[in-house]
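Novice: Predicted coordinates and the sequence they were generated for:
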Amino acid sequence: MPRFTPFVRLGVAALAALGLTLSATPANAAGSLRLTQIKCNETSDTWDPDKPYFVVFVASTSNPTDTTTVLVDPGLDVYSGKTYNLSKTITSSNASTVFTATVMVEQDEGRDIDSTDLAYIRTAMHNTYQLNYWTSNWAAMRDELRRQVDDVLAGGPGGDDILGANYRKYGVGTTPSPMVFQEDGGDYSVQFSW
């Protein structure tokens, strides 16, 4: 163990008494998770363009209570063979690394997920993360989000369809490989950046 002078120990104790800690990451090192690209290889609709939207669960990998679930609607009519470059903020966080579970949905006649549904999904996902935080079972979190979205869409009037579910971990300044969504006849790759 390193030896510290009495002044260093006193300074650390004073910071601790104030509820502050020493960290290599500045407390204000916030990042934003952004939707940066949608590449459509094939739409799920035969005649019309797709209108995709995303239900995204975001959680700090270092704080089990730092979670949110958001609905991200890029507001696009998407056509096969096209790439759409965006910079749509999903959420901001002070966490240096976040986990995301994402369900991509294709809107048919009006979005089937409203604010009440989203609040229910947000609470369910937060509670599930509390139970799974120490296991880091990311696939289980993705599957739970998909199950929650499936349950809401089953009662929805518009016939929205799930195009797939995926998960990733993002660190500040990283851009992992794109997520692939290939269900209901659609074929997409989607890029988030932190």
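Specialist: Looks like it arrived, so ask away.
Novice: Would you mark the buried spots in stretch 121-128?
Specialist: For stretch 121-128, a neighbour-count test (16 or more other C-beta atoms under 10 Å) marks Ile121, Arg122, Ala124, Met125, His126, Thr128 as buried. Every C-beta, even on glycine, is put in place using the N, C-alpha and C of the backbone.
Novice: can you list contacts of the helix or strand containing the last one?
Specialist: It refers to Thr128. Following DSSP states H and E, one finds Thr128 within helix 115-132. Helix 115-132 has contacts (C-beta atoms under 8 Å, 6 or more residues apart in numbering) with 55, 57, 59, 64-65, 67-71, 101, 113, 140-141, 144-145, 148-149, 152.
Novice: Please narrow the residues you listed to those residing in strands.
Specialist: Val55, Phe57, Ala59, Thr67, Thr68, Thr69, Val70, Leu71, Ala101 (DSSP state E).
Novice: got a list of what the residue nearest to Ile113 when sequence neighbours are not counted touches?
Specialist: Among residues not flanking Ile113 along the chain, Val152 sits closest, at 5.6 Å (C-beta to C-beta, 6 or more residues apart in numbering). By C-beta under 8 Å, 6+ apart, Val152 lies in contact with Asp112, Ile113, Asp117, Tyr120, Ile121.
Novice: just to revisit the earlier point, buried subset of the contacts of helix 115-132?
Specialist: 55, 57, 59, 67-71, 101, 113, 141, 144-145, 148-149, 152.
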